[in-house]
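In: Please find the sequence and the predicted model below.
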Amino acid sequence: MQIITNQFQKELKKHGNDSFPFLVSHERLSGYEQGSFLWHWHTEIELTLITYGEMDYQVNDRWYHLRRGQGLFCNSSVLHSGSMYQDQDCTYTAVTFDPRLIYGSENSALYFNYVMPVLQNFSMPAVFFDLTSDWHTDAVNLIEQLALLDRETGGTRELDIQCALNRFWKLLYLHSRSEVPVSGRDRRDYERIREILTYIEIHYASPLTLEEIAKHIHLCRSECSRLFKRYMKTSLFDFILKYRIEKSLGFLGDGQYSVKETAERCGFGDSNYYAKVFRRFKGCSPMAYRKSLNKENRMENL
(Lines give C-alpha, C1' and ligand atoms only; values in the text may rest on other atoms or scores of the structure.)
Protein backbone atom coordinates (compact mmCIF):
# COMPACT_ATOMS: atom_id res chain seq x y z
CA MET A 1 0.00 0.00 0.00
CA GLN A 2 1.09 3.55 -0.68
CA ILE A 3 -0.65 6.91 -0.75
CA ILE A 4 -2.02 7.62 -4.22
CA THR A 5 -1.34 11.11 -5.54
CA ASN A 6 -1.73 12.98 -8.80
CA GLN A 7 1.19 14.42 -10.77
CA PHE A 8 1.34 17.33 -8.32
CA GLN A 9 1.58 15.02 -5.28
CA LYS A 10 -1.91 15.91 -4.11
CA GLU A 11 -3.49 12.94 -2.39
CA LEU A 12 -6.45 11.50 -4.32
CA LYS A 13 -8.08 9.70 -1.39
CA LYS A 14 -11.48 11.10 -0.48
CA HIS A 15 -11.66 12.17 3.17
CA GLY A 16 -15.25 11.52 4.15
CA ASN A 17 -17.98 12.59 1.72
CA ASP A 18 -19.37 15.83 0.33
CA SER A 19 -22.18 15.95 2.89
CA PHE A 20 -19.76 15.51 5.83
CA PRO A 21 -16.05 15.74 4.86
CA PHE A 22 -14.61 14.03 7.92
CA LEU A 23 -12.62 10.80 8.12
CA VAL A 24 -10.98 8.80 10.90
CA SER A 25 -8.57 6.05 9.87
CA HIS A 26 -6.45 3.74 11.99
CA GLU A 27 -3.11 3.21 10.27
CA ARG A 28 0.07 1.16 10.63
CA LEU A 29 3.37 2.20 9.02
CA SER A 30 4.20 -1.41 8.17
CA GLY A 31 1.10 -1.36 5.98
CA TYR A 32 2.95 0.91 3.56
CA GLU A 33 5.38 -0.60 1.05
CA GLN A 34 8.43 1.16 2.43
CA GLY A 35 7.34 1.39 6.06
CA SER A 36 6.60 5.04 5.38
CA PHE A 37 4.09 7.19 3.58
CA LEU A 38 5.65 9.36 0.89
CA TRP A 39 5.42 13.09 0.33
CA HIS A 40 1.90 14.32 -0.37
CA TRP A 41 -0.48 17.16 0.44
CA HIS A 42 -4.20 17.85 0.60
CA THR A 43 -6.40 20.81 1.39
CA GLU A 44 -7.93 19.07 4.41
CA ILE A 45 -6.57 19.40 7.95
CA GLU A 46 -4.95 16.26 9.33
CA LEU A 47 -4.61 15.39 13.01
CA THR A 48 -2.33 12.50 13.97
CA LEU A 49 -2.26 10.62 17.27
CA ILE A 50 0.40 7.95 17.93
CA THR A 51 -1.15 4.87 19.56
CA TYR A 52 1.92 2.59 19.53
CA GLY A 53 5.61 3.05 18.76
CA GLU A 54 7.31 6.13 17.37
CA MET A 55 7.32 7.99 14.06
CA ASP A 56 9.56 10.49 12.27
CA TYR A 57 7.22 13.00 10.66
CA GLN A 58 8.25 15.76 8.28
CA VAL A 59 6.09 18.76 7.37
CA ASN A 60 7.63 21.10 4.78
CA ASP A 61 11.12 21.73 6.16
CA ARG A 62 10.39 20.70 9.75
CA TRP A 63 11.02 17.36 11.44
CA TYR A 64 9.05 15.97 14.37
CA HIS A 65 9.69 12.84 16.39
CA LEU A 66 6.34 11.59 17.68
CA ARG A 67 6.00 9.09 20.52
CA ARG A 68 3.04 7.17 21.86
CA GLY A 69 0.36 9.50 23.21
CA GLN A 70 1.67 12.54 21.32
CA GLY A 71 -0.11 14.22 18.44
CA LEU A 72 0.36 16.57 15.51
CA PHE A 73 -1.73 19.17 13.72
CA CYS A 74 -0.90 19.29 10.00
CA ASN A 75 -2.16 22.42 8.28
CA SER A 76 -3.95 22.62 4.96
CA SER A 77 -1.94 22.20 1.72
CA VAL A 78 1.44 21.48 3.33
CA LEU A 79 3.78 18.71 2.21
CA HIS A 80 4.14 15.91 4.74
CA SER A 81 5.57 12.42 5.04
CA GLY A 82 6.13 9.91 7.83
CA SER A 83 8.46 6.98 8.41
CA MET A 84 9.41 4.36 10.97
CA TYR A 85 11.85 5.19 13.73
CA GLN A 86 14.74 2.69 13.87
CA ASP A 87 12.76 0.31 11.63
CA GLN A 88 10.18 -0.28 14.37
CA ASP A 89 6.48 -0.37 13.52
CA CYS A 90 4.13 2.40 14.57
CA THR A 91 0.33 2.59 14.73
CA TYR A 92 -1.54 5.86 14.69
CA THR A 93 -4.96 7.41 14.31
CA ALA A 94 -5.44 9.99 11.56
CA VAL A 95 -8.34 12.43 11.72
CA THR A 96 -8.81 14.32 8.46
CA PHE A 97 -11.43 16.98 7.84
CA ASP A 98 -12.30 19.85 5.55
CA PRO A 99 -11.94 23.13 7.50
CA ARG A 100 -15.29 24.29 6.12
CA LEU A 101 -16.81 22.12 8.85
CA ILE A 102 -15.57 24.88 11.16
CA TYR A 103 -16.50 27.98 9.20
CA GLY A 104 -19.32 26.95 6.84
CA SER A 105 -19.06 29.76 4.28
CA GLU A 106 -16.01 31.74 3.18
CA ASN A 107 -18.09 34.88 3.63
CA SER A 108 -18.64 34.10 7.29
CA ALA A 109 -17.12 35.87 10.28
CA LEU A 110 -15.89 32.47 11.48
CA TYR A 111 -13.76 32.15 8.37
CA PHE A 112 -12.28 35.66 8.38
CA ASN A 113 -11.71 35.92 12.13
CA TYR A 114 -10.67 32.44 13.21
CA VAL A 115 -10.00 30.01 10.36
CA MET A 116 -8.26 32.04 7.65
CA PRO A 117 -5.58 33.35 10.07
CA VAL A 118 -4.58 29.73 10.78
CA LEU A 119 -4.86 28.35 7.24
CA GLN A 120 -2.83 31.20 5.78
CA ASN A 121 -0.20 31.23 8.51
CA PHE A 122 2.73 29.82 6.54
CA SER A 123 4.90 29.92 9.66
CA MET A 124 2.63 27.26 11.17
CA PRO A 125 2.64 24.27 8.82
CA ALA A 126 2.24 22.02 11.86
CA VAL A 127 1.82 22.05 15.63
CA PHE A 128 3.45 19.31 17.69
CA PHE A 129 1.47 18.27 20.76
CA ASP A 130 4.38 16.91 22.80
CA LEU A 131 2.40 17.10 26.08
CA THR A 132 4.77 19.65 27.64
CA SER A 133 1.86 22.09 28.03
CA ASP A 134 -1.59 21.61 29.49
CA TRP A 135 -3.22 22.72 26.26
CA HIS A 136 -1.32 19.99 24.37
CA THR A 137 -2.98 17.41 26.61
CA ASP A 138 -6.35 19.02 25.95
CA ALA A 139 -5.70 18.89 22.18
CA VAL A 140 -4.72 15.20 22.28
CA ASN A 141 -7.81 14.40 24.38
CA LEU A 142 -9.98 16.06 21.73
CA ILE A 143 -8.35 14.01 18.96
CA GLU A 144 -9.11 10.86 20.97
CA GLN A 145 -12.68 12.07 21.46
CA LEU A 146 -13.10 12.65 17.71
CA ALA A 147 -11.97 9.08 17.03
CA LEU A 148 -14.49 7.72 19.54
CA LEU A 149 -17.33 9.86 18.20
CA ASP A 150 -16.65 8.57 14.69
CA ARG A 151 -17.58 5.05 15.84
CA GLU A 152 -21.07 6.11 16.86
CA THR A 153 -23.99 5.39 14.59
CA GLY A 154 -27.19 7.39 14.52
CA GLY A 155 -28.02 9.81 17.27
CA THR A 156 -26.29 13.18 16.96
CA ARG A 157 -22.96 11.84 15.64
CA GLU A 158 -22.21 14.60 13.10
CA LEU A 159 -23.29 17.35 15.46
CA ASP A 160 -21.15 15.93 18.28
CA ILE A 161 -18.14 15.69 15.93
CA GLN A 162 -18.60 19.29 14.80
CA CYS A 163 -18.81 20.48 18.42
CA ALA A 164 -15.55 18.68 19.24
CA LEU A 165 -13.90 20.14 16.12
CA ASN A 166 -14.94 23.63 17.19
CA ARG A 167 -13.46 23.11 20.66
CA PHE A 168 -10.24 21.86 19.07
CA TRP A 169 -10.08 24.82 16.68
CA LYS A 170 -10.68 27.35 19.46
CA LEU A 171 -7.79 25.80 21.41
CA LEU A 172 -5.53 25.90 18.34
CA TYR A 173 -6.48 29.46 17.43
CA LEU A 174 -5.87 30.83 20.92
CA HIS A 175 -2.36 29.35 21.00
CA SER A 176 -1.35 30.16 17.42
CA ARG A 177 -1.75 33.95 17.43
CA SER A 178 1.83 34.46 18.60
CA GLU A 179 3.23 32.83 15.45
CA VAL A 180 5.09 35.28 13.20
CA PRO A 181 3.90 35.15 9.56
CA VAL A 182 6.56 34.18 7.07
CA SER A 183 7.75 36.48 4.32
CA GLY A 184 6.66 36.38 0.70
CA ARG A 185 10.06 34.95 -0.14
CA ASP A 186 9.54 32.00 2.18
CA ARG A 187 6.19 31.32 0.55
CA ARG A 188 7.86 31.25 -2.86
CA ASP A 189 10.56 28.94 -1.52
CA TYR A 190 7.95 26.50 -0.18
CA GLU A 191 6.31 26.43 -3.59
CA ARG A 192 9.66 25.82 -5.25
CA ILE A 193 10.35 22.89 -2.94
CA ARG A 194 6.96 21.44 -3.85
CA GLU A 195 7.77 21.90 -7.54
CA ILE A 196 11.11 20.09 -7.11
CA LEU A 197 9.48 17.17 -5.31
CA THR A 198 6.79 16.93 -7.96
CA TYR A 199 9.43 16.96 -10.70
CA ILE A 200 11.35 14.16 -8.99
CA GLU A 201 8.15 12.14 -8.55
CA ILE A 202 7.39 12.35 -12.27
CA HIS A 203 10.94 11.86 -13.59
CA TYR A 204 12.71 9.69 -10.98
CA ALA A 205 13.01 6.76 -13.41
CA SER A 206 14.91 8.93 -15.91
CA PRO A 207 18.36 10.51 -15.61
CA LEU A 208 18.05 13.65 -13.49
CA THR A 209 20.50 16.52 -13.34
CA LEU A 210 20.76 19.52 -11.06
CA GLU A 211 20.78 21.74 -14.14
CA GLU A 212 17.39 20.57 -15.43
CA ILE A 213 15.77 20.73 -11.98
CA ALA A 214 17.14 24.24 -11.42
CA LYS A 215 15.90 25.31 -14.82
CA HIS A 216 12.45 23.91 -14.00
CA ILE A 217 12.10 26.24 -10.99
CA HIS A 218 13.90 29.15 -12.68
CA LEU A 219 16.96 29.26 -10.43
CA CYS A 220 20.67 28.81 -11.05
CA ARG A 221 22.18 25.45 -10.02
CA SER A 222 23.96 26.71 -6.92
CA GLU A 223 20.88 28.52 -5.56
CA CYS A 224 18.68 25.51 -6.29
CA SER A 225 21.08 23.26 -4.40
CA ARG A 226 21.28 25.65 -1.42
CA LEU A 227 17.51 26.09 -1.31
CA PHE A 228 16.86 22.34 -1.20
CA LYS A 229 19.51 21.71 1.43
CA ARG A 230 18.21 24.55 3.60
CA TYR A 231 14.61 23.31 3.67
CA MET A 232 15.00 19.53 3.35
CA LYS A 233 18.14 19.14 5.51
CA THR A 234 19.75 16.87 2.91
CA SER A 235 21.38 17.35 -0.46
CA LEU A 236 19.27 17.13 -3.60
CA PHE A 237 21.49 14.30 -4.87
CA ASP A 238 21.04 12.20 -1.72
CA PHE A 239 17.30 12.85 -1.70
CA ILE A 240 16.95 11.57 -5.27
CA LEU A 241 18.98 8.46 -4.45
CA LYS A 242 16.89 7.70 -1.37
CA TYR A 243 13.66 8.37 -3.24
CA ARG A 244 14.67 5.94 -5.98
CA ILE A 245 15.57 3.29 -3.41
CA GLU A 246 12.19 3.71 -1.68
CA LYS A 247 10.42 3.41 -5.02
CA SER A 248 12.39 0.26 -5.84
CA LEU A 249 11.06 -1.61 -2.79
CA GLY A 250 7.71 -2.16 -4.44
CA PHE A 251 9.36 -3.75 -7.48
CA LEU A 252 11.49 -5.99 -5.28
CA GLY A 253 8.42 -7.10 -3.37
CA ASP A 254 6.51 -7.77 -6.57
CA GLY A 255 8.77 -10.69 -7.45
CA GLN A 256 8.40 -10.52 -11.23
CA TYR A 257 11.30 -8.12 -11.74
CA SER A 258 14.97 -9.00 -11.46
CA VAL A 259 17.32 -6.76 -9.51
CA LYS A 260 18.66 -5.43 -12.81
CA GLU A 261 15.15 -4.63 -14.08
CA THR A 262 14.26 -3.02 -10.76
CA ALA A 263 17.35 -0.83 -10.94
CA GLU A 264 16.50 0.30 -14.48
CA ARG A 265 12.89 1.06 -13.58
CA CYS A 266 14.03 3.32 -10.74
CA GLY A 267 16.62 5.40 -12.53
CA PHE A 268 19.78 3.34 -11.90
CA GLY A 269 21.59 2.52 -15.10
CA ASP A 270 24.01 0.17 -13.30
CA SER A 271 22.64 -2.62 -11.09
CA ASN A 272 25.93 -2.81 -9.16
CA TYR A 273 25.66 0.86 -8.26
CA TYR A 274 22.02 0.30 -7.31
CA ALA A 275 23.06 -2.51 -4.96
CA LYS A 276 25.72 -0.29 -3.41
CA VAL A 277 23.30 2.57 -2.80
CA PHE A 278 20.64 0.13 -1.55
CA ARG A 279 23.02 -1.25 1.06
CA ARG A 280 23.90 2.29 2.13
CA PHE A 281 20.28 3.18 2.90
CA LYS A 282 18.82 -0.21 3.88
CA GLY A 283 21.81 -2.00 5.40
CA CYS A 284 21.48 -5.10 3.19
CA SER A 285 21.55 -6.11 -0.46
CA PRO A 286 18.43 -5.97 -2.68
CA MET A 287 18.35 -9.80 -2.79
CA ALA A 288 18.56 -10.06 0.99
CA TYR A 289 15.70 -7.57 1.28
CA ARG A 290 13.61 -9.61 -1.18
CA LYS A 291 14.28 -12.82 0.75
CA SER A 292 13.23 -11.17 4.01
CA LEU A 293 9.97 -10.05 2.38
CA ASN A 294 9.31 -13.57 1.10
CA LYS A 295 9.96 -14.98 4.57
CA GLU A 296 7.52 -12.49 6.14
CA ASN A 297 4.86 -13.39 3.57
CA ARG A 298 5.27 -17.10 4.29
CA MET A 299 4.95 -16.50 8.02
CA GLU A 300 1.77 -14.48 7.51
CA ASN A 301 0.24 -17.29 5.44
CA LEU A 302 0.87 -19.94 8.10
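Out: Arrived safely. Only a predicted model underlies this, so the values are computations on that prediction, with no experimental measurement involved.

In: quick one: low-confidence parts of the stretch 201-302 of the chain?
Out: Scanning the stretch 201-302 of the chain with the threshold set as pLDDT under 70 gives 295-302.

In: For it, which segments count as helices?
Out: In the stretch 201-302 of the chain, the helices defined using DSSP state H, counting those that start in this stretch lie at 210-216, 221-232, 236-254, 259-265, 271-282, 286-301.

In: For the ones you listed, give me TSV that also has distance to S19 and mean neighbour count.
Out: Glycine gets a C-beta too; all of them are placed from N, C-alpha and C. TSV is the format used below for the helices of the stretch 201-302 of the chain (distance: least, Cβ to Cβ, whole Å; neighbours: other Cβ atoms under 10 Å):
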stretch	distance to S19	mean neighbour count
helix 210-216	40	16
helix 221-232	38	16
helix 236-254	35	19
helix 259-265	41	18
helix 271-282	44	16
helix 286-301	38	13
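
In: Can you check which of those helices gets nearest to R151?
Out: helix 286-301 (27.4 Å; Cβ to Cβ).

In: who's in contact with whichever helix or strand I193 is part of?
Out: If you go by DSSP states H and E, I193 is part of helix 184-203. Under the contact criterion Cβ atoms under 8 Å, 6 or more residues apart in numbering, helix 184-203 has outside partners 5, 7-9, 39, 41, 60-61, 79, 122-123, 208, 213, 216-217, 219, 224, 227-228, 231-232, 236, 239-240, 243.

In: mind putting the helices of the stretch 201-302 of the chain in TSV, distance to H65 included?
Out: TSV is the format used below for these (distance: least, Cβ to Cβ, whole Å):
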stretch	distance to H65
helix 210-216	29
helix 221-232	17
helix 236-254	19
helix 259-265	31
helix 271-282	19
helix 286-301	25
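
In: out of those, which comes closest to V24?
Out: Among the helices of the stretch 201-302 of the chain, helix 286-301 sits nearest to V24 (Cβ to Cβ), with 26.1 Å.

In: E152 in helix, strand or coil?
Out: Here E152 is coil, with the state taken from DSSP: H, G, I helix; E, B strand; the rest coil.

In: List the contacts of it.
Out: D160.

In: same thing but 10 Å
Out: The neighbourhood of E152, defined by Cβ atoms under 10 Å, 6 or more residues apart in numbering, consists of 158, 160-161.

In: Quick check on it: phi, psi?
Out: phi -70, psi 150 (degrees, to the nearest 10).

In: out of the contacts of E152, who's nearest S258?
Out: I161 (49.9 Å).

In: And the closest one, which helix or strand is it part of?
Out: Using DSSP H and E, the element containing I161 is helix 157-174.

In: helices or strands up against that helix?
Out: Here helix 157-174 is seen to pack against strand 22-28, strand 45-52, strand 91-97, helix 100-103, helix 116-119, helix 134-150 when contacts are counted using 3 or more Cβ pairs under 10 Å, 6 or more residues apart in numbering; DSSP states H and E.

In: could you dump those to CSV with mean pLDDT, distance to M287 and mean neighbour count?
Out: Shown next, in CSV, are the helices and strands packed on helix 157-174 (pLDDT from 0 to 100; distance: least, Cβ to Cβ, whole Å; neighbours: other Cβ atoms under 10 Å):
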stretch, mean pLDDT, distance to M287, mean neighbour count
strand 22-28, 92, 26, 16
strand 45-52, 96, 31, 21
strand 91-97, 95, 30, 21
helix 100-103, 92, 49, 19
helix 116-119, 85, 48, 17
helix 134-150, 96, 41, 17
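
In: what's around the closest residue to H80 other than its chain neighbours, how many residues?
Out: Among residues not flanking H80 along the chain, V59 sits closest, at 4.6 Å (Cβ to Cβ, 6 or more residues apart in numbering). Using other Cβ atoms under 10 Å, V59 has 23 neighbouring residues.
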